[in-house]
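Student: build me a model from this:
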Amino acid sequence: METTKPLKQRKQSNMNSYKKQKTIWGIIFLTPWLIGVLFLFGLPLFESFRYSFYKLEAASGRIISTFIGLDNYFYAFNEHVLSNSSFKVELINTVVDVLINLPVLLIFSLFIAVMLNAKFRGRAVVRAIFFIPVILNSAAVTSALGGGDVITQILEQSNVTQIFDLEYYLVSTGLNAAFIAFIVGLIGRIYDILALSGVPILLFLASIQSVPKHLYEAAKIEGATAYEMFWLITLPNVSAHIITVTVYALVDTFLTSPVSIIISTELNSQKWGLASAMSWIYVGSIAIILLVIFLLAKIFNIGGSHYES
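Tutor: Numbering: from 1, shown residues only. Coordinates of the predicted model:
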């Protein structure tokens with residue numbers, strides 16, 4: 001007993017020392033980022049938040065600011081109209097797109113990553129094909145493709161849509177109208193999901209390849225099927241990266257949203273106060289969605305390391 005007690009104390013001391021080292025080195029690596037955020041982003045963020053409560057007008061050599069309270073926020077939500085759309089409509093559409101696209105994107109990316117992890121001829125080419133949308137995901141290519149509208153027009157001109165109208169056939173089966181609208185909407189989002197899935201597939205694939213091989217070998221010896229190995233080995237080990245993929249997809253969806261174009265348009269029109277208010281509404285929407293995601297992750301224990309005690 002006397003010999004084991006000092007050994008346990010040494011192990012505990014080493015563990016505490018290791019945790020302190022991790023904390024210290026974490027702070028050291030975060031320090032440049034914190035300095036950059038405070039000095040390069042902190043002041044502009046504060047100024048933009050302050051500007052959102054003012055009406056700003058350009059004058060000779062200065063900016064005239066008039067305090068108007070929450071008028072910019074109320075205007076953005078209730079009165080703003082630009083061309084054939086508005087800030088409120090585009091923001092709601094973006095949030096709905098996020099709520100629908102995120103679950104589908106996660107399931108699709110994980111499914112494709114599992115398939116690409118298997119050994120077959122031409123695997124490298126197939127991986128490159130799924131990553132091509134990330135390389136070509138620029139404003140010029142998106143405009144050329146028209147968000148998938150060009151493909152739809154080609155199909156309409158060739159009367160393919162008249163030959164097979166999915167919505168008509170689903171309605172004839174007697175399915176619920178809301179379910180039919182959801183399925184048809186998902187099919188219409190195929191272009192967006194494929195464009196967003198390149199990096200998530202890569203992240204999931206890297207996560208799957210980091211799973212210890214001896215776990216699969218032991219499972220095969222025990223007679224486990226591929227289905228059982230996925231649910232008992234792959235998914236628990238990959239779950240630590242679900243939050244990372246979700247945050248990436250969320251940010252990417254908002255960056256490519258028409259709301260960003262509306263904010264830029266108002267900013268170029270020298271409506272700085274209104275643009276600042278729209279930006280903070282935009283940031284607030286993202287923050288709320290992220291908060292909901294992290295709460296769900298805590299409730300369902302998603303995102304932590306599979307090997308943590």
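Student: buried residues in the helix or strand hosting A287, which are they?
Tutor: Using DSSP states H and E, A287 sits in helix 272-299. For helix 272-299, a neighbour-count test (16 or more other C-beta atoms under 10 Å) marks 272-282, 285-286, 289, 293, 297 as buried. (Each C-beta comes from the backbone N, C-alpha and C, glycine too.)
Student: what is the mean pLDDT for that helix?
Tutor: Averaged over helix 272-299, pLDDT sits at 88.
Student: just checking, what packs against that helix?
Tutor: helix 43-51, strand 54-59, helix 71-78, helix 87-117, helix 242-255, helix 258-268 (3 or more C-beta pairs under 8 Å, 6 or more residues apart in numbering; DSSP states H and E).
Student: I183: which of these is closest?
Tutor: I183 lies closest to helix 87-117 among these, at 11.2 Å (C-beta to C-beta).
Student: and the closest one, average pLDDT?
Tutor: Mean predicted confidence for helix 87-117 is 86.
Student: angle of it against helix 272-299?
Tutor: 40 degrees (axes from the mean of the first three to the mean of the last three C-alpha atoms, to 10 degrees).
Student: now what about the following helix or strand past helix 87-117, what contacts it?
Tutor: Per DSSP H and E, the first helix or strand lying C-terminal to helix 87-117 is helix 123-135. Contact with helix 123-135 is made by 112, 116, 194-199, 201-202, 205, as judged by C-beta atoms under 8 Å, 6 or more residues apart in numbering.
Student: distance check, the most centrally placed residue in the chain against S109.
Tutor: Compute the mean C-alpha point of the chain, and by C-alpha atoms, centre = their mean the closest residue is A249, 1.8 Å away. Distance of A249 to S109, computed by C-beta to C-beta, to the nearest Å: 8 Å.
Student: shared neighbours of those two, anything?
Tutor: Contacts common to A249 and S109, judged by C-beta under 8 Å, 6+ apart, are P200.
Student: and the residue nearest to the centre of the chain, how close does it get to V89?
Tutor: Taking C-beta to C-beta, one finds A249 at 22 Å from V89.
Student: quick check: phi and psi on K119?
Tutor: K119 adopts backbone torsions of phi -90, psi 120, taken as degrees, to the nearest 10.
Student: count of residues packed around it?
Tutor: 5 (other C-beta atoms under 10 Å).
Student: quick one: contacts for it?
Tutor: K119 neighbours (C-beta under 8 Å, 6+ apart): none.
Student: of the buried residues of helix 272-299, closest to Y73?
Tutor: Looking across these and measuring by C-beta to C-beta, the closest to Y73 is A277, at 5.0 Å.
Student: just to check, the closest one is in contact with G69?
Tutor: No. If you go by C-beta atoms under 8 Å, A277 and G69 don't touch, sitting 10.8 Å apart.
Student: for those two, list the residues in contact with both.
Tutor: Contact criterion C-beta under 8 Å, 6+ apart; residues bridging A277 and G69 by contacting each: F53.
Student: start and end of stretch 236-250, how far apart?
Tutor: 22 Å (C-alpha to C-alpha, to the nearest Å).
Student: what are the buried residues along that stretch?
Tutor: Those would be 237-243, 245-246, 249-250, for stretch 236-250 by 16+ other C-beta under 10 Å.
Student: sort these by pLDDT and name the bottom one.
Tutor: Among the buried residues of stretch 236-250, pLDDT bottoms out at A240, giving 80.
Student: is it true that that residue touches A206?
Tutor: No. Counting by C-beta under 8 Å, A240 does not reach A206; the two are 11.8 Å apart.
Student: so where's this protein uncertain?
Tutor: Within the chain, the set of residues satisfying pLDDT under 70 comprises 1-15, 133-171, 179, 182, 184-186, 188-189, 303-309.
Student: re the thing from before, the helix holding A287 vs helix 43-51, what angle?
Tutor: Going by the same axes, to 10 degrees, helix 272-299 makes 110 degrees with helix 43-51.
Student: how far is stretch 193-206 from where the chain is centred?
Tutor: Relative to its chain's centre, stretch 193-206 lies at 11 Å (C-alpha atoms, centre = their mean, to the nearest Å).
Student: again but with stretch 49-66, I slipped
Tutor: 34 Å.
Student: residues in contact with it: which ones?
Tutor: 67-73, 270, 272-273, 276-277, 279-280.
Student: so for that stretch, first residue to last residue, what's the gap.
Tutor: 14 Å.
Student: may I see the buried residues of that stretch?
Tutor: For stretch 49-66, using 16+ other C-beta under 10 Å, the buried residues are 51-56.
Student: stretch 104-119 too?
Tutor: Neighbour count says stretch 104-119 has 104-106, 108-110, 112-114, 116-117 buried, by 16+ other C-beta under 10 Å.
Student: stretch 256-266 now?
Tutor: 256-257, 259-260, 262-263, 266.
Student: and which of those is nearest Q21?
Tutor: Nearest to Q21 among the buried residues of stretch 256-266, counting by C-beta to C-beta, is T256 at 40.7 Å.
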